[in-house]
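K.L.:
Provided below are the primary sequence and the corresponding predicted coordinates.
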Amino acid sequence: MNVDRKIIDYVADLSRLHLSEEEKVRAEKDLGSVLTHIDMLNELDTETIEPLSHTFPIKNVFRADEVRPSYDRETLLSNAPQKKDGCFKVPKTVE
């Protein structure tokens, strides 16, 4: 795809960017390079390649739940600035 100044100005306007002349020249070159690479990728025959969403198989590794020693409720609440009915009391955040 041919990238010209008109396209750069249009994209900059959509992005709410104020580009200097130097930045416009560089953006024209960079965007042209990216689009050339995309054109090369579009030429590849991918009909025989199976689509995938991840390059490696994803497997969740779960561990068995096991009860372990912990603190009792009173110890945990002992440093709380406010508590109510055996729970932490926190300021209301949603009306």
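P.N.:
Great, that's in hand. Numbers count the residues shown, from 1 in each chain.

K.L.:
can you pull out the helices in this protein?
P.N.:
5-14, 21-42, 73-77 (DSSP state H).

K.L.:
Out of the ones you listed, which is closest to Thr48?
P.N.:
Closest approach to Thr48 among these is made by helix 21-42 (16.1 Å; CB to CB). Just so you know, the C-beta spots here come from the backbone N, C-alpha and C atoms, and that holds for glycine as well.

K.L.:
can you list contacts of the closest one?
P.N.:
Met1, Asn2, Val3, Asp4, Arg5, Ile7, Ile8, Asp9, Val11, Ala12, Leu19 (CB atoms under 8 Å, 6 or more residues apart in numbering).

K.L.:
which of the residues you listed lies closest to Glu66?
P.N.:
Among the contacts of helix 21-42, and counting by CB to CB, the member closest to Glu66 is Val11, at 56.0 Å.

K.L.:
Spit out the contact partners of the closest one.
P.N.:
Val11 neighbours (CB under 8 Å, 6+ apart): Ala27, Leu31.

K.L.:
Tell me the predicted confidence for it.
P.N.:
For Val11, the pLDDT comes out at 94.

K.L.:
got JSON lines for the helices of the chain, with distance to Val94 too?
P.N.:
Listed next are the helices of the chain as JSON lines, based on distance: least, CB to CB, whole Å:
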{"stretch": "helix 5-14", "distance to Val94": "36"}
{"stretch": "helix 21-42", "distance to Val94": "44"}
{"stretch": "helix 73-77", "distance to Val94": "23"}
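
K.L.:
ok, back up a step: same list (the contacts of helix 21-42) but as CSV, adding distance to Leu52.
P.N.:
Output for those, formatted as CSV (distance: CB to CB, whole Å):
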residue, distance to Leu52
Met1, 27
Asn2, 33
Val3, 31
Asp4, 37
Arg5, 39
Ile7, 33
Ile8, 35
Asp9, 38
Val11, 31
Ala12, 36
Leu19, 38
